[in-house]
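>>> Below are the sequence and a predicted model; questions follow.
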Amino acid sequence: MAGRPSVGRLGRCWRLVFARLLQLVATLTLILLFAFLVFYILPGDPARIMLGPNATPEKVAALERSLGLDQSFLLRLVNYITGLLRGDLGTSLRFAQPVSRLIAERLEVTLSLAAGGLLLALVIGAPLAFIAARHPGGLIDRTVLALSRIGLAVPPFYLAILLTLAAGALFRSFGGVRYVPPHVSLTASLRSLLLPAVAVAVPRVAWVVQFLRGALVEQFEMDYVRTARGKGLSRPAILVRHLLPNALVPLITVLGLVLAELFSGALIIEQVYNLPGLGRLLVTAVESRDFPLTLGIILVIASLVVLAGTLVDLINGLIDPRLADARPGRGTVLR
Amino acid sequence: MKRRRRLSREGCLALVLLILLLLAVIFVPVLDGGRGSAMNSGRRLLPPSAAHLFGTDNYGRDILICLLEGGRATLGIAAGTVLLGCLAGLVIGAFSGFFGGRVDWLLMRFNDALLSFPSILLALLFITVLGGGKWQLLLAMGLMFTPSFARVVRTGFMQQRQSPHVIRVQVMGASPWRVMTVHILPTILVRLSSAIAIGFANAILTESSLSFLGLGIPPSERSWGRMLHDAQSFIFEAPWFAVFPGLIIVLTVLLAFVLGSALTLLRTAPAPLNDQPVKETPPADSLAAELPADALLAVSGLTLAATEDLVHGISLHVSAGEILGLVGESGSGKTMTALAIADLLPRGIRRRSGRILIAGQDPDELSASERRRFLARRIGFCYQDALAALNPLLPVGRQIAESVRLTGETDRDRIRARVLELLAKVRLAQPETVARALPHELSGGMRQRVLLAMALAVEPNLILADEPTAALDGETADFVLDELRRQRGQGRAILFISHDIDLVRRLADRVAVMRHGQIVECGPTEEVFLRPRTDYTRMLLASKPSFARRGLLLGIQTGGETS
């Protein structure tokens, strides 16, 4: 069917978005089911486990009521979901405040940390991948790959400690990272996030490098690149006109995966640098066995991850209409 | 011939070092007898020295000994996690991959949802309910590692289920259980072992992260992540307290990664390239002497090599207004010869010897950029697989325009007009619409016409047509053949590559028969077909494809000299 104009690309992407939204619902349902089942299957009395052995019966009964444990499994699940649809994630046991408000207050830090990490991973990773892919198997290629392997093996929190040590050695005045919100001062805020963002980004740089390099090397072997070479085009021209658009899809895809991983990286890094984000809130919640708060945070992060995936699909569908034209299901949607 | 699989040298080294580390973790604390890990306020936060290689911590304990002791928890939990995840993954993956169908679909949607989500969060949810501790960690982490193992196992089972061997034993009445355990499981062990090594590395990282957050191993016990957690408060006071535990995590994880990728390579070991120097290089002058004066392409003594020689010193020439048919079965080196002429050999295949003259010019004598432009200008290459040969993301009109630009045209409107003219010339209706289309939006025949237009765009001296009609309907195939005849009429030299002997007979003026990288026979078409000199040509003629196939009979009657 020739003659289908390439203009309506956005319109053709709706199927990808729809598949993703279905996935969002599936993921959230899965987490909810899992979380509630853990409670249900668990031997013993969850409220008592949470409060510890020294809790008074009254306290246990009160907690049971606030968790809704006196209701049936199904009723609890339905209640939670109807609450969820209204934006109500329940009340934190530890802070005695609505979970949604606690999360909203701390979302900003985590989001900016993840965004900064994504930017750094791209800015450091993409050029390295290009340099490595120029001569596959060459000295530079092998060095970059070895380095990225080391980067992958360094836990972000260890890197954070090393960075702190290095900053302390280089600048006598360095007294640790202190978070400044962007509405106070944007530059100061960026500066306060630089070190944490580097620590979050480095292991993911390895992903970007390995993925993009692989995609570039693979594309280089493709017939259409041979055709372009046969037209006498220079190497830069082949790279920019032919290779780059085709390597963009795998790049966007890996950035989506990186973003998902950055959220969990940010959780840990926030702890190291004492950043008031979702991660520290989550650690506090897990430590104090604050089940509603833990579940709320996890649901929010899960939604963010799936939304990032939706965005990835949408952008990829715009770049490569073949993805949008394909039937949803096998192979078209990420992973 | 089965090549023996061996672990690479770095893989062996990683394995040995990991085993040494394991032995040290098990035995050194025993040999030390608890002296190193005893609290001693007299030696609080001592820097590294001969007595305490890694220094001491805030309670005066030897950090090296503590690390080895902590390794028991870290490595033990990692091993347990991988074991648990692997077993659960085996059950799910085998079930899903072997039986397929709706169960598979459901399980994999479940699996993908878990995989697409930061799995550490799930572990945290588990720990919120269960609390921290070794066993809780193991359970939570085993659960979060299951999906990735299930994927690996499923892929292996799906592939093996289709293998002739497995189908045979099934037909012979083996039970599904027996087929799965005896016949399929061993074949995926290599794949699984690399997944285990990489999973082990990731498990160490996860345990360390959780314990570092203070949510994994309780304060009373010790693991590498827990030690880093304790060291946080003394970063500036005693850097060694934090540096060494981190270092050992990095090192162990790295070793497991190296082992994992070495195990992956077991499956796909590339053969080494054949780099032996060539003995005979053909004399440069003798080439031109024997050629007809109007030869536009001359190849002499061309040898192409990858791991072994693919083409052995072949020679051929094509004159202006002549079509040379190059026939032979697939794998005989026809395409590689054409690619070598255009200097477009894929990576891993090299021209080891031989000279090529195109329109009297030896491209080797030009600089790299001159050669690139010279070849692009003189040669119109009609590639075999049209879908693959076109850039999937660039409208075909712009791809043809790139070729038009080679003729020196720079004016945008004239380039556009020329593109449309070319598209019309290859008889594509609605050239404007086609020009804007992406390759996947066109039919196979349309793509091949686009490719032909691209080859003609440069007004080449030489056309290399590599199976240009292979996947085409009769009408399009006839058109392509007619167009090639027309091009011959305009004085171009054409190298026509095909495995279809009848096609070559109707089109070519001369024929070269290729086999195993050598030209076994070459001469005027009718001579070769009527009086073949080699057994191989006779055999090829005897096994020729049906004459009437693809409606080509029509082509012989009408296709002649229509131009």
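It's in.
>>> burial count for the closest residue to chain A within chain B?
At 2.8 Å from chain A, B:Ala376 is the closest residue in chain B, using C-beta to the nearest C-beta. Just so you know, the C-beta spots here come from the backbone N, C-alpha and C atoms, and that holds for glycine as well. Residues lying near B:Ala376 (other C-beta atoms under 10 Å in any protein chain shown) number 23.
>>> do the same with the one 4 residues further on
In terms of burial, B:Gly380 registers 27 neighbours under the definition other C-beta under 10 Å.
>>> One more: B:Ser193?
For B:Ser193, using other C-beta under 10 Å, the count is 15.
>>> same deal with A:Phe95?
A:Phe95 has 16 neighbouring residues, counting by other C-beta under 10 Å.
>>> Reduced to three states, what does it come out as?
At A:Phe95 the chain is in coil, as set by DSSP: H, G, I helix; E, B strand; the rest coil.
>>> returning to what we had before: give me the element the residue of chain B closest to chain A is part of.
Per DSSP states H and E: B:Ala376 is located in helix B:368-378.
>>> How much space separates the closest residue to B:Arg61 other than its chain neighbours from B:Asp343?
In this structure, B:Arg61 finds its nearest non-sequential neighbour in B:Ser37, 5.2 Å apart by C-beta to C-beta, 6 or more residues apart in numbering or on different chains. Separation of B:Ser37 from B:Asp343 (C-beta to C-beta, to the nearest Å): 68 Å.
>>> cool, and A:Val198?
For A:Val198 relative to B:Asp343 (C-beta to C-beta), the value is 45 Å.
>>> Could you chop chain B up by domain?
Annotated domains of chain B cover B:67-264, B:295-530 [automatic domain parsing].
>>> low pLDDT regions in the chain?
Because you didn't say which chain, this covers chain A. Residue ranges of chain A with pLDDT under 70: A:1-13, A:39-53, A:67-70, A:172-176, A:324-335.
>>> was after chain B, sorry
B:1-5, B:267-291, B:544-563.
>>> Wait, the residue of chain B closest to chain A touches B:Thr407, no?
No - between B:Ala376 and B:Thr407 there is no contact under C-beta atoms under 8 Å: 10.3 Å.
>>> Spit out the residues that contact those two alike.
Both B:Ala376 and B:Thr407 are contacted by B:Val458, under the criterion C-beta atoms under 8 Å, 6 or more residues apart in numbering or on different chains.
>>> Helix, strand, or coil at the residue in the stretch 101-250 of chain A that chain B sits nearest to?
Nearest residue of the stretch 101-250 of chain A to chain B, counting by C-beta to the nearest C-beta: A:Gly232, 2.8 Å away. Under the three-state scheme (three-state DSSP), A:Gly232 adopts coil.
>>> tell me the phi and psi of the spatially closest residue to the residue of chain B closest to chain A that is not a sequence neighbour?
Nearest residue to B:Ala376, sequence neighbours excluded (C-beta to C-beta, 6+ apart): A:Gly232, at 2.8 Å. Backbone torsions for A:Gly232, taken as degrees, to the nearest 10, come to phi 80, psi 20.
>>> what's the burial count for A:Gly232?
Neighbours of A:Gly232 (other C-beta under 10 Å): 22.
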